[in-house]
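# Fold the following and give me the result.
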Amino acid sequence: MNKIEIFVQVGEEIEELDTVEKVLYSAMDKEKLKDTSFNLIIVDNKYIHELNKTYRNIDRETDVITFALEDEDSLVVGGNERILGDIYISLDKAKSQAKEYGHSLLRELSFLAVHGFYHLLGYDHMTEEDEKVMFGKQREVLEEYGITR
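Numbering: from 1, shown residues only. Alright, predicted model coming up:
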């Protein structure tokens, strides 16, 4: 059975997360994942800034950052469960980007979560071809829920 743990480390309730969770489970189904888990952690700009600075040497906040456990060759996990890693999303950044792009917080959080999910699976957007593949997968997942720009 697939499992997503959601941790909210900001002092407010985020009603959109119920739908974001459903969208992520849909993405897991679309990718035919079984017995797979990962964490979604909602933080503020200060926290994600520190993560970005510490682990990527980039001294500013970002919207989403992922830590993929499968990137770590030395990691051995017992049993049949596949543990993908962690997705951190800055709620502050998501709110400002939703406003900037003129769409809902639900759309922004869903996009960032699905984007992080595909990074955990090893997808990237460093080349035009890779971006086309990754963003195409993201768009399919979001459109199934009617989440568009």
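
# Helices along this structure, start to end?
Along the chain, the stretches classed as helices by DSSP state H are 17-30, 45-56, 91-101, 105-120, 128-144.

# List of residues touching the longest one?
By CB atoms under 8 Å, 6 or more residues apart in numbering, the residues outside helix 128-144 that reach it are 23, 26-27, 30, 107, 110-111, 114-115, 118, 123-125, 148. For every residue, glycine as well, the C-beta is placed using N, CA and C.

# ok, now with 10 Å
Helix 128-144 is contacted from outside by 23-24, 26-31, 107, 110-111, 113-115, 117-119, 121-127, 147-149, using CB atoms under 10 Å, 6 or more residues apart in numbering.

# pretty sure Val23 is touching His115, no?
No: with contacts counted by CB atoms under 10 Å, Val23 stays clear of His115, the gap being 11.5 Å.

# closest to Thr66 out of the helices of the chain?
Taking CB to CB, helix 105-120 is the member of these nearest to Thr66, at 4.3 Å.

# okay, the angle between that closest one and helix 128-144?
Between helix 105-120 and helix 128-144, the angle comes out at 140 degrees (axes from the mean of the first three to the mean of the last three CA atoms, to 10 degrees).

# So for helix 105-120, mean pLDDT?
When pLDDT is averaged along helix 105-120, the result is 97.

# Over to stretch 87-99?
Mean pLDDT, computed over stretch 87-99, is 98.

# any idea how far that stretch is from the chain center?
Offset of stretch 87-99 from its chain centre (CA atoms, centre = their mean, to the nearest Å): 11 Å.

# what do you get for stretch 6-13?
Relative to its chain's centre, stretch 6-13 lies at 15 Å (CA atoms, centre = their mean).

# Can I get that stretch in CSV, CA atoms only?
Below are the C-alpha coordinates for stretch 6-13, written out as CSV (Å, rounded to 0.1, in the frame of the first residue of the first chain):
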residue,chain,number,x,y,z
ILE,A,6,2.1,15.2,5.5
PHE,A,7,3.7,17.4,8.1
VAL,A,8,2.7,21.0,8.5
GLN,A,9,5.4,23.1,10.2
VAL,A,10,3.6,26.4,9.9
GLY,A,11,1.1,27.9,12.4
GLU,A,12,-1.9,27.6,10.2
GLU,A,13,-4.4,25.1,8.8
